[in-house]
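Peer 1: okay, structure incoming, though there's no sequence with it:
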């Protein structure tokens, strides 16, 4: 479907959730919730409630039960794109066809009552650096003698592998890490990070893997990527700055990476694709994404203690998600179900579009004041960060699942 | 047991393998073999044969069967150090007590007939850079204006996360990757790597994980690490050099990392611990490993097409494995069963101790000639690399499982 077409009228849902709700039947993100007995069940969100799909499928669509029986999204991810489409169509029909109301309404639970889990087993986690404003600002801050992005930056989506084992679900407290850093006077010390930062990113969850030695072309994105989530790639800037020469970020990131509890299926984002941005130089053929719109029109918001401090736009990313996946696999590295790759910090030309405090406060040189009068350079213990995003949907704007985390002392 | 004590007399084994065999009952590394029906069984190596532990435990020690039933080492790794000791003692008794011969001899299979698998599920893969000669040489080659290792290098074991999904078992062919690089004339191109390298490393396999927010002290190494293997961290130097600014190696490594089919339990290496090297400056307290010998006396050999080209010594590593683990967890990142961390290239002051071709040929500037008269700078298609290592053992020198791989065209 072409972007920019008129909104469709939403089918009525017996749940009462209207088509212009951010979690309407045009959205339907999936999650996983603890059942209190050591197990879990798959949920799909509709409005402020969630349907237990593990039980609903047993009632309404037993052919789908194998996708939901284990309670995580792993089997759904592995099932492949035709099954994703089938499952989504079935779930939508269950929520809009009044004939299902009697059987399924008892399986609706308020989202606020759910104990939401990390919804899939993260295989490998890769993090990109695909926003030009972020890359240029970080270059200037980390390497003051640099004039902008590195020479490779406009030729490939620069990225690195992170720690998959410390990816955690939204709401998990974020313990301030300890680590080694070098003070301005040259002293090398070990202690709690004093420059704890957030990074507002968008993540993409791989469903269908690849065989070793194969690569995914730019046009293969939809066949391999199941959906999207928000990512807060918490960063200890003092640790990161000291450790990163020459092999890149390591412990400055590995203490924790938060992701949404809800994974938005790519099909819910059909209306959000926009033209890929202009690039100079033109990408090499394997990264050429000009054949169709590969930009993704997501409007992010970063809130600190309830106050919006920045609103970066994902649509201005220099490198698109399809290019990131094509690059990631261009050397023949196999993809696995559950691989997660994130965009890198989403930023923009204006201060209020900067998706991390490194940029927002220029590494602490430009503090800011919150509504309660307190001043911040980096995050303080007790601070809570919430990242949200909306996108054009079939019936109105839809929301990605928020990613939330509060900083706790080391 | 103190290093350097006199050799013990080996107990006789009904297998006929003498105590001074590199795979004597003083070694007993574990592996996993395909059963030809889609399943696998756990094996322990004795001489040039291997005992099927999945079947042997059912006969000789049913209490151990749960550790071996699934056919990979995952359950053994997760069982924890006391179980590792118990299992090893049992296996040793099975192979030395003649009463077991009748039942177990039929379960011995020639190693050459086994289809050996990646013996455990790799959770996260981290790669260090802990050899001073390698770090200094790589600095000089990659950054000709540098005078040696980076300022952080003597303060912490520099490392990065690699791709866990492309770790593969010894013997798996290594496809030459394609990737993006910049030629000397400044042209940016995509094509098969022309600087494909090996890296001789030692890997350590985590058995017992940790809770988030905790760290493993230097003295906790043996409680968390199950054993050691050899690693060939294949590297495409042209891709790596172009991509690594500023976030480190990514696709120049992710196309494949080979590990031994055999994991040597730490207990087999009891005799191999040697004094930690002198450091300047002294490591910070959390990295202080001077309380006991934390160096590991492994003699590596790198063979190219059957010809030994280098013999690096692991005992000269600046950073010890216990320090690497302490550093890896110092920020509170949780360990998981199956985490693998590698040492970085093992190198030395002389050319014939350099564990990668980047150093050995000074990035191609100093080619070398093989016995067949052919000249190498980097690896050619068809080249086979074998890395082996031996260590002092209880009854004589023992061998780590080799890591072998042949380069195939892209």
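Peer 2: Structure received. Everything numeric here is computed off the predicted structure, so don't read it as measured data.
Peer 1: CA atoms for contacts and neighbours, from now on please.
Peer 2: OK.
Peer 1: any idea how far residue A:103 is from the residue nearest to residue A:64 when sequence neighbours are not counted?
Peer 2: With sequence-adjacent residues excluded and distances taken as CA to CA, 6 or more residues apart in numbering or on different chains, residue A:64 is closest to residue A:57, at 5.9 Å. Counting by CA to CA, to the nearest Å, the gap between residue A:57 and residue A:103 amounts to 11 Å.
Peer 1: the residue nearest to residue A:64: helix or strand, and which one exactly?
Peer 2: With elements taken from DSSP states H and E, the one containing residue A:57 is helix A:53-60.
Peer 1: how far out from the middle of the chain is that helix?
Peer 2: Between the centre of helix A:53-60 and the centre of its chain there are 27 Å (CA atoms, centre = their mean, to the nearest Å).
Peer 1: mean confidence score for it?
Peer 2: Averaging pLDDT along helix A:53-60 yields 97.
Peer 1: who has more neighbours, residue A:57 and residue A:103?
Peer 2: When neighbours are counted by other CA atoms under 10 Å in any protein chain shown, residue A:57 and residue A:103 differ, and residue A:57 comes out ahead with 22 against 12.
Peer 1: next, count neighbours for residue A:249.
Peer 2: Using other CA under 10 Å, residue A:249 has 28 neighbouring residues.
Peer 1: can you check the pLDDT for it?
Peer 2: pLDDT for residue A:249: 98.
Peer 1: wait, is it part of a helix?
Peer 2: No. When classified by DSSP: H, G, I helix; E, B strand; the rest coil, residue A:249 is found to be coil rather than part of a helix.
Peer 1: where are the low-confidence patches of chain A?
Peer 2: With pLDDT under 70 as the threshold, chain A has low-confidence stretches at A:1-6.
Peer 1: at 80 instead, please
Peer 2: Segments of chain A classed as low confidence (criterion: pLDDT under 80) are A:1-7, A:147.
Peer 1: next secondary structure element downstream of the helix holding residue A:57?
Peer 2: Once helix A:53-60 ends, the next helix or strand along the chain (criterion: DSSP H and E) is helix A:65-68.
Peer 1: stretch A:48-64: which residues count as buried?
Peer 2: For stretch A:48-64, burial by neighbour count (16 or more other CA atoms under 10 Å in any protein chain shown) applies to A:49-57, A:60, A:64.
Peer 1: list the residues that contact the nearest residue to residue A:182 once chain neighbours are set aside.
Peer 2: Leaving out its chain neighbours, the residue that sits closest to residue A:182 by CA to CA, 6+ apart is residue A:188, at 4.3 Å. With contact set as CA atoms under 8 Å, 6 or more residues apart in numbering or on different chains, residue A:188 has these partners: A:180-182, B:155.
Peer 1: run a quick neighbour tally on residue A:66.
Peer 2: By the other CA under 10 Å criterion, the neighbourhood of residue A:66 contains 15 residues.
Peer 1: so it touches residue A:77, yeah?
Peer 2: No. Contact between residue A:66 and residue A:77 fails when scored by CA atoms under 8 Å: they sit 11.8 Å apart.
Peer 1: for residue A:387, grab phi and psi.
Peer 2: Reported as degrees, to the nearest 10, the phi and psi values for residue A:387 are phi -110, psi 130.
Peer 1: which one of the buried residues of stretch A:48-64 sits closest to residue B:315?
Peer 2: Of all these, the one sitting nearest residue B:315 is residue A:54; the distance, using CA to CA, is 54.4 Å.
Peer 1: what distance do you get for that closest one to chain B?
Peer 2: For residue A:54, the distance to chain B under the criterion CA to the nearest CA, to the nearest Å works out to 28 Å.
Peer 1: identify the spatial nearest neighbour of that residue, chain neighbours not counted.
Peer 2: When the adjacent residues along the chain are set aside, residue A:54 lies closest to residue A:68, with 5.0 Å between them (CA to CA, 6+ apart).
Peer 1: and residue A:190, by the same measure?
Peer 2: Across the structure, with CA to CA, 6+ apart as the measure, the residue nearest residue A:190 apart from its sequence neighbours is residue A:180 (4.3 Å).
Peer 1: same thing with residue A:336?
Peer 2: Leaving out its chain neighbours, residue A:336 is closest to residue A:209 (CA to CA, 6+ apart), at 4.3 Å.
Peer 1: what sits against the one you found?
Peer 2: Residues near residue A:209 by CA under 8 Å, 6+ apart: A:78, A:224, A:334-337.
Peer 1: switch the cut-off to 6 Å
Peer 2: Residue A:209 is in contact with A:335-337, counting by CA atoms under 6 Å, 6 or more residues apart in numbering or on different chains.
Peer 1: now do residue A:260
Peer 2: Neighbouring residues of residue A:260 by CA under 6 Å, 6+ apart: A:170, A:229-230, A:401-403.
Peer 1: can you check residue A:111 too?
Peer 2: Residue A:111 sits next to A:48-50 when contact means CA under 6 Å, 6+ apart.
Peer 1: can you tell me which of those are in strands?
Peer 2: Secondary-structure check on the contacts of residue A:111 using DSSP state E: residues within strands are A:49-50.
Peer 1: closest to chain B among the contacts of residue A:111?
Peer 2: Within the set of the contacts of residue A:111, residue A:50 lies nearest chain B; the separation is 29.0 Å, counting by CA to the nearest CA.
Peer 1: name whatever forms a beta bridge with the closest one.
Peer 2: Taking DSSP bridges, one obtains residue A:45, residue A:109 as the residues bridged to residue A:50.
Peer 1: relative to residue A:339, how far out is residue A:163?
Peer 2: In this view, residue A:163 and residue A:339 are 12 Å apart by CA to CA.
Peer 1: who has more neighbours, those two?
Peer 2: When residue A:163 is set against residue A:339 and neighbours are counted by other CA under 10 Å, the residue ahead is residue A:163, at 30 against 22.
Peer 1: ok, now which ones touch the more buried one?
Peer 2: Taking CA under 6 Å, 6+ apart, we find residue A:163 in contact with residue A:254.
Peer 1: make it 7 Å
Peer 2: Contacts for residue A:163 (CA atoms under 7 Å, 6 or more residues apart in numbering or on different chains) come out as A:125, A:254, B:124, B:161.
Peer 1: same question for residue A:341.
Peer 2: The contact partners of residue A:341, by CA under 7 Å, 6+ apart, come to A:125-127, A:203-205.
Peer 1: among these, which are in reach of chain B?
Peer 2: The subset of the contacts of residue A:341 within reach of chain B, by CA under 7 Å from any CA of the partner chain, is empty.
Peer 1: I'd like to know which of these are part of helices.
Peer 2: When those are checked against helices using DSSP state H, none is located there.
Peer 1: going by distance to residue A:237, which of those residues wins?
Peer 2: When the contacts of residue A:341 are compared for distance to residue A:237 (CA to CA), residue A:127 wins out at 16.1 Å.
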